[in-house]
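# this is the structure alone, sequence omitted:
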């Protein structure tokens, strides 16, 4: 949508019109570096594929350059379907993202935040119309 050519005025318009902005990490990083946006404007930062928050990835740069320097930090919610292999990777991600990693396979970690679900069948009363009666009514 031509976001690379947006002016400060265009960013202001978009922010004033929308409560939620969805963008790539590079676009957010560029907007912050250009001062079109301020991290203090963000309440919740959702990072998809957050396992990439290492090295020179825009997520890592975003966290190092802006998040850790901010006094009014947004909440962070990171999502990944990739398993973190090494323990040092877990430590680095937790440090960079200022977060705690929870693995859904670790029941005690998830259990603190999840509700219990009761499974079972649900029965409904039969329809008040027979199918032939309904068909006749629909045809009329």
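Structure's in. What do you need? Since we're looking at a predicted model, the values are computed, not measured.
# hey, let's count contacts and neighbours off CA atoms from now on
Noted.
# now do the SS call for the residue nearest to the spatial centre of the chain.
By C-alpha atoms, centre = their mean, the chain has its centre lying nearest to residue 46, at 3.1 Å. Assigned state for residue 46: strand (three-state reduction, DSSP: H, G, I helix; E, B strand; the rest coil).
# what of residue 76?
Strictly by three-state DSSP, residue 76 counts as strand.
# and the spatially closest residue to it that is not a sequence neighbour, how far from residue 2?
Once flanking residues are discounted, residue 76 sits nearest to residue 45: 5.0 Å by C-alpha to C-alpha, 6 or more residues apart in numbering. Between residue 45 and residue 2 the distance is 22 Å, computed by C-alpha to C-alpha, to the nearest Å.
# same thing with residue 39?
22 Å.
# any weak-confidence spans in the chain?
83-85, 103-115, 126-132 (pLDDT under 70).
# strands of that one, residue ranges please.
44-48, 75-79 (DSSP state E).
# turn those into JSON lines, including distance to residue 96.
Output for the strands of the chain, formatted as JSON lines (distance: least, C-alpha to C-alpha, whole Å):
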{"stretch": "strand 44-48", "distance to residue 96": "12"}
{"stretch": "strand 75-79", "distance to residue 96": "11"}
